[in-house]
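Colleague: Sharing a model that was predicted from the sequence below.
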Amino acid sequence: MSNYLHSIRRRRDKRLAQTYAQRDGGDQRIAVIGLGRFGSSLAEELMRRGWEVLGVDEDERIVQRHADALTHVAVADCTDVEVVRQLGVHEFPTAVVAIGTDIQASILVTSNLLEEGVPNIWAKAISRQHGKILERLGTHHVVLPEYEMGERVAHLVTGRMLDFIEFDEDYALAKTVAPGVATGTPLGVSAVRSKHGVTVVGIKRPGQTFTHATADTVIEPGDVIIVTGKTQAVEAFTNLG
């Protein structure tokens, strides 16, 4: 994998870890079932954020590899509900089913967690159909990391964006070099929001750090800005040049 794609994937997993952490700020325990590339990256990021992480995988070699990095590890098959009970996963406020290509195992494990009443379940899906099945089961949160990263990279390589995050089906935030239509006059005068349907929320001058943008902010050529709005409007604005 290229360093660029690896960097994007790491930032994605950090954001997911932050999202999980914010859901249950009072009880910082989480079980991550499946320690492949996605699960292990997520588990390690949660550890860095001070969480207590139980990592579970069927492969003993994988578990041994992460034994010193996580709070607790176990070699176990969580498709068996009795194993889930023995591990005490039902006592965790949050669990992530990060199983890779085995859709049947993913569904069985998720069903077991739901049966045991785990209050906050996240599950990785490897296809949209897989995701729909998990949603129908009652999974609280379904993520499709490969699809999401593919969509994000597509936005980056086909336009002038430096970074792109889609929060919902039709709402996004992007980092981009300021197009000419937004430079030279205060934002309140250039009326970027009314003319282009986006809001400039941050600005970074060369050699400086990001600051909040206000109606009095004057954007200069070469400034990097953060804009947010409907996905189509964000795409159009960042491509103005």
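Modeller: Sure thing, it's come through.
Colleague: which residues are contacting stretch 182-193?
Modeller: 181, 198-200, 213-221, 223, 225, 227, 237 (Cβ atoms under 8 Å, 6 or more residues apart in numbering). Heads up, the C-betas are built off the backbone N, CA and C, glycines and all.
Colleague: Apply 6 Å and report the result again.
Modeller: 199-200, 215-219, 221 (Cβ atoms under 6 Å, 6 or more residues apart in numbering).
Colleague: what's the first-to-last distance across that stretch?
Modeller: 10 Å (Cα to Cα, to the nearest Å).
Colleague: Quick check: what element follows the helix-or-strand element of the chain with minimal mean pLDDT along the chain?
Modeller: Sorting the helices and strands of the chain by mean pLDDT, DSSP states H and E puts helix 3-23 at the bottom, at a mean of 52. Going down the chain from helix 3-23, the next helix or strand is strand 29-33, by DSSP states H and E.
Colleague: Give me the helices and strands touching that following strand, please.
Modeller: strand 52-57, strand 94-97 (3 or more Cβ pairs under 6 Å, 6 or more residues apart in numbering; DSSP states H and E).
Colleague: after the shortest one comes which helix or strand?
Modeller: Same thing as strand 94-97. Taking DSSP H and E, what comes next after strand 94-97 is helix 103-115.
Colleague: Distance from the chain centre to the next helix or strand after that following helix, please.
Modeller: Per DSSP H and E, the first helix or strand lying C-terminal to helix 103-115 is strand 120-124. Per Cα atoms, centre = their mean, to the nearest Å, the displacement of strand 120-124 from the mean C-alpha position of its chain is 13 Å.
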